[in-house]
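1. Give me the fold of what follows.
(one chain, ligands or ions: 1)
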Amino acid sequence: MGNNGYETVLLVADTHFHLDPDPEERIRLRRFLSFLEMSAGVDHLVLLGDIFDFWFDYPHFRLKGYDDLLHGLDLVRDAGTRIHFVGGNHDIWASGYFHRRYGCSENGGPLTLNAGGLRMRLIHGDGMLGRDLLYRCFRWIVRRRLGIICAKSLHPEILFAISTWLSGRSRMATRDEASRIETLAARRLPRMQGDWDLAVIGHVHHPFIVEHQSRKLAALGGWLGREGYGIAREGRFELRDFEDGPPI
Ligand SMILES: [Mn+2]
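-> All right, here's what the predicted structure looks like:
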């Protein structure tokens, strides 16, 4: 704690947990709960979007599921860690709930965080590097107030079915996609505005860091086929895999 250069920040995204996990996903979830145990007591934990594959915040009831995950996050909060929630295209609708339960920002939008000796810009990253039209329509709907009003008028099971169909099955980036994403990121970084040293995104399911002059753009690898996360401390940022053991 104390001087913000000595704070530690852990960042994770794209776990894409479902309400009703299959056996394979239950293993992934257990590993993620271990990651949360490691996070308990660090200064900041950033959830950078698409932690949940589907979430909708109804006024009078909550979706069934995710209880183990929320309990894991309760332990992180109770250990004194500040939790930040930046919504992804799959879980932006959880931001109100996270605001109430963990004191995260109310709208789940991009954040600037000065901690770990870095000025970080935290963005989920959907719509930044990709061009898929169907996906852009989906994004446009979920990120608008009108989308929320329309969705609230649907039966939860219908909304769930539509959302699952539109968003498809999330997976790791293929090798071709990965190299295309890095090329797009290297082109995008010099045009990015704002007062920060490091921008961190998720969404692309491929970990990388590109640099331009004194600034960097990093993408977290997600938790599909790998256990990617980021750590910022003492002015340095590193991409890691939880499978390689805790950072020293
Ligand atoms: Mn996403």
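2. Can you report how many residues neighbour G225?
-> 12 (other C-beta atoms under 10 Å). Every C-beta, even on glycine, is put in place using the N, C-alpha and C of the backbone.
3. That one is in what secondary structure piece?
-> Using DSSP states H and E, no element contains G225; it sits outside every helix and strand.
4. nearest residue to it other than its sequence neighbours?
-> M172 (4.0 Å; C-beta to C-beta, 6 or more residues apart in numbering).
5. isn't there a helix covering the one you found?
-> No: M172: not assigned to a helix; according to DSSP: H, G, I helix; E, B strand; the rest coil it is coil.
6. In this model G222 seems to touch it, though I could be wrong.
-> Yes: applying C-beta atoms under 8 Å as the test, M172 and G222 come out as touching, 7.3 Å apart.
7. which residues are in contact with both of those two?
-> Jointly contacting M172 and G222 under the rule C-beta atoms under 8 Å, 6 or more residues apart in numbering are 205-206.
8. Report the buried residues of stretch 180-187.
-> For stretch 180-187, the neighbour count (16 or more other C-beta atoms under 10 Å) marks 180-182, 184-185 as buried.
9. do that stretch and the ion meet at all?
-> No: using C-beta under 5 Å from the ion, we find that stretch 180-187 stays clear of the ion, coming within 12.6 Å at best.
10. For that stretch, list the C-alpha coordinates in PDB.
-> The C-alpha coordinates for stretch 180-187 follow below in PDB (Å, rounded to 0.1, in the frame of the first residue of the first chain):
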ATOM      1  CA  ARG A 180      -3.700  -9.800 -37.700                       C
ATOM      2  CA  ILE A 181      -4.700  -8.500 -34.300                       C
ATOM      3  CA  GLU A 182      -1.100  -7.400 -33.400                       C
ATOM      4  CA  THR A 183      -0.800  -5.700 -36.800                       C
ATOM      5  CA  LEU A 184      -4.000  -3.700 -36.200                       C
ATOM      6  CA  ALA A 185      -2.900  -2.900 -32.600                       C
ATOM      7  CA  ALA A 186       0.400  -1.500 -33.800                       C
ATOM      8  CA  ARG A 187      -1.400   0.700 -36.300                       C
END
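11. For the protein, list the residues in contact with the ion, please.
-> Residues of the chain lying near the ion (C-beta under 5 Å from the ion): 50, 88-89, 126, 203.
12. Turn those residues into a markdown table, columns for secondary structure, neighbour count and pLDDT.
-> Below are these laid out as a markdown table (DSSP: H, G, I helix; E, B strand; the rest coil; neighbours: other C-beta atoms under 10 Å; pLDDT from 0 to 100):
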| residue | secondary structure | neighbour count | pLDDT |
| --- | --- | --- | --- |
| D50 | coil | 30 | 94 |
| G88 | coil | 27 | 92 |
| N89 | coil | 21 | 87 |
| D126 | coil | 24 | 87 |
| H203 | coil | 26 | 92 |
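13. those strands in this structure, which residues are they?
-> Remark: strands assigned in the chain by DSSP state E are 8-12, 44-47, 82-85, 111-115, 118-122, 198-201, 208-212, 215-219, 228-233, 236-241.
14. so what's the residue nearest to G225 up against?
-> M172 neighbours (C-beta under 8 Å, 6+ apart): 205-206, 222, 224-226.
15. Try it again at 10 Å.
-> By C-beta atoms under 10 Å, 6 or more residues apart in numbering, the contact set of M172 is 14, 178, 205-206, 221-226, 228.
16. now swap in G235 and tell me
-> 5, 116-118, 197-198.
17. go on, R30?
-> D68.
18. Distance check, it against S179.
-> 32 Å (C-beta to C-beta, to the nearest Å).
19. same deal with H60?
-> For H60, the distance to S179 - C-beta to C-beta - is 47 Å.
20. who has more neighbours, those two?
-> S179 (13 against 4).
21. Run through the residues that contact the more buried one.
-> 173, 206, 208.
22. Could you check how many residues crowd around G202?
-> G202: 30 neighbours (other C-beta under 10 Å).
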